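Visitor: This is a predicted model, with the sequence first.
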Amino acid sequence: EGALAHRAEEVFTSLPQDARARLDAVLSQLIVIHPDSDSVNARRVLWSSLPDDAARALVESFVKARLFVSELSDGIPGFRVAHEALLRQWPRARDWAADNRRLLQAHARLRHATRRWVEEGRRQDHLLNAGRPLIEATEAAQRLPDRLGEDERALLGASQRHHRRGKRMRTAAVAMLSLLALTSSALALWAVTAQKEAELRREEAFQLTDFMLVELADKLRPLGNLKLLDSISAKALAQLAQRPEQRMRTEDLINTSRALRTLGEVLMEQSKLEDAESAFVRAKDAATAALRRAPDNPQAIEESGLAGYWLGYYRFHRRQFDEARKHWTTYHDSTRILLDREPQSPHRLLEHSYALNNYGTLEQELGRNPSAIGYFRKSAALKKQAIAMRPNDDALRYDLIDTLSWISSGEESLGQLRSAASGQAEQIALLRDMLSRNPDARAWERQLAIRLRGNAALLRTLGRTIEAKRLIDEAVSRLTRLVEIDPSNKGWR
């Protein structure tokens, strides 16, 4: 490896200045850093993607020195590094990767999001969220423009347009929300007529705030329009702060926690992280107070857990993993208590499976794949129990397939190829069963084709070439049929 680095430096220093100046452009296309680790890998680059003749001269020199390899794939010329060790041992490549690690990881996340977006038929609910995902993807596109493919640019553009449309919709919604806020203020003013009437009007104002932050949010969430609540967030926060805990019923504390949780979600979506944290902490305080008053109340137990989930979610995204685990443990324990009380409830089974998914996600982020796989397996087992109770719920089956895919991906990364192949076969069987009842569900058929292709690749690696060919032929047949049905769908092509 030391010889590789020495040879690379010799070739590089022998190049003219204009070719040496294009090293950054070449490395930006070659180097890949995974979003959930610091490992440095390489990818194949098309000759046609090089920006100019100087970059081509640099690559040709490294090909001649056998540091890069030029090759044809499906008749398209490209090149790659001969040995990935070169990227880790050559100081210039290693330093470039260290300096650009954050941007490369942002691009890796964009690439992953693009793959999911294309697989799901470019649906709007798979666009990049406003805030950090969209900001870091935009920065990666500006700083590393040569790395972006056509689909990645399409996803970024669609997400930016969706974000701008949301801003325009907020402007249109301000009048309605302002009217609600004015109504709340008017109700509070009328309370001066008498103490009894004041208490009544104050409670009505609180209920209106609950409506704005919970009921209205529940209606806007499926439309992806929680941003519309942003214009009343400060007003609502001030209104909720006026509630004296000692004069509130358990039900009021639970509703207050719900309202604050929703407000925190809105603020977090707007990247107002400090305000979001304040809302989540106060939601947790209100839920804890409700649980203190009524420790056996299932709504208080559930709300305490949900408040813990959101506070843990906030800590996780701030990469405060120990704090995230503490709050997610509250969520896990509450779902466990409620499941013990209602062991035959599909809802309780699912909620506990989501708590286990949180642990799996945390372990995965910390690079502990074996532990993460264990949690995902427990989550999948609970989903299977729920499916046994709701055998006709294909949405639940699809949720199970997603969990199984994380297990297979983790096993494949650990080299457990037989187990990964078995898991993919289970996903394929589930999708076949779903399609037998819904033969026109084209998105499911595409997911089946994708998993057939992935399973074929694993079987080929395991030497089971006959099975692999059968699966890949079926995948091609299904994708061909989808293209014939809708030739305009680029994702199916």
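Guide: Noted; the coordinates are in hand.
Visitor: Next up, the contacts around R22.
Guide: Contacts here follow Cβ atoms under 8 Å, 6 or more residues apart in numbering; on that basis R22 touches P51, D52, A54, A55, L58. C-betas here are computed from N, CA, C, even on glycine.
Visitor: what's the helix or strand for the closest residue to it other than its chain neighbours?
Guide: Sequence neighbours aside, A55 is the residue nearest to R22 in space, at 3.9 Å (criterion: Cβ to Cβ, 6 or more residues apart in numbering). Assigned by DSSP states H and E, A55 belongs to helix 53-64.
Visitor: Check T114 too.
Guide: Going by DSSP H and E, T114 is part of helix 101-119.
Visitor: now for that helix, which elements pack on it?
Guide: Helices and strands touching helix 101-119, by 3 or more Cβ pairs under 8 Å, 6 or more residues apart in numbering; DSSP states H and E, are strand 31-33, helix 132-143, helix 150-190, helix 442-461.
Visitor: that older thread, give me the contacts around the helix holding A55.
Guide: With Cβ under 8 Å, 6+ apart as the test, helix 53-64 has contacts from 8, 11-12, 14-16, 18-23, 25-26, 47, 50, 68-70, 79.
Visitor: Narrow those to those that are buried.
Guide: Buried subset of these (neighbour count, 16 or more other Cβ atoms under 10 Å): A8, V11, F12, L15, A19, R22, L23, A25, V26, L50, F68, F79.
Visitor: Looking at these, which are in strands?
Guide: If you go by DSSP state E, the buried ones among the contacts of helix 53-64 have F68, F79 in strands.
Visitor: and which of the buried ones among the contacts of helix 53-64 is nearest R390?
Guide: R390 has its nearest neighbour among the buried ones among the contacts of helix 53-64 in F79, at 52.1 Å by Cβ to Cβ.
Visitor: list the contacts for the closest one?
Guide: R44, V45, W47, V59, V63, F68, V69, S70, E71.
Visitor: can I get those in JSON lines with pLDDT and distance to L267?
Guide: Formatted as JSON lines, the contacts of F79 follow (pLDDT from 0 to 100; distance: Cβ to Cβ, whole Å):
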{"residue": "R44", "pLDDT": "94", "distance to L267": "43"}
{"residue": "V45", "pLDDT": "94", "distance to L267": "42"}
{"residue": "W47", "pLDDT": "95", "distance to L267": "48"}
{"residue": "V59", "pLDDT": "96", "distance to L267": "48"}
{"residue": "V63", "pLDDT": "96", "distance to L267": "52"}
{"residue": "F68", "pLDDT": "95", "distance to L267": "49"}
{"residue": "V69", "pLDDT": "95", "distance to L267": "51"}
{"residue": "S70", "pLDDT": "94", "distance to L267": "52"}
{"residue": "E71", "pLDDT": "93", "distance to L267": "51"}
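Visitor: In JSON lines: these, plus distance to Y359.
Guide: Formatted as JSON lines, those follow (distance: Cβ to Cβ, whole Å):
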{"residue": "R44", "distance to Y359": "36"}
{"residue": "V45", "distance to Y359": "38"}
{"residue": "W47", "distance to Y359": "46"}
{"residue": "V59", "distance to Y359": "45"}
{"residue": "V63", "distance to Y359": "47"}
{"residue": "F68", "distance to Y359": "43"}
{"residue": "V69", "distance to Y359": "42"}
{"residue": "S70", "distance to Y359": "46"}
{"residue": "E71", "distance to Y359": "43"}
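Visitor: Among those, find me the one that's closest to S419.
Guide: Checking the contacts of F79 against S419 by Cβ to Cβ gives R44 as the nearest, at 28.4 Å.
Visitor: L4: how many residues sit nearby?
Guide: For L4, the tally of surrounding residues (other Cβ atoms under 10 Å) stands at 19.
Visitor: Widest-spaced pair of the buried ones among the contacts of helix 53-64?
Guide: A8 and L50 (18.1 Å).
Visitor: Looking at the buried ones among the contacts of helix 53-64, which is nearest R460?
Guide: Closest approach to R460 among the buried ones among the contacts of helix 53-64 (Cβ to Cβ): F79, at 24.7 Å.
Visitor: Much appreciated, bye for now.
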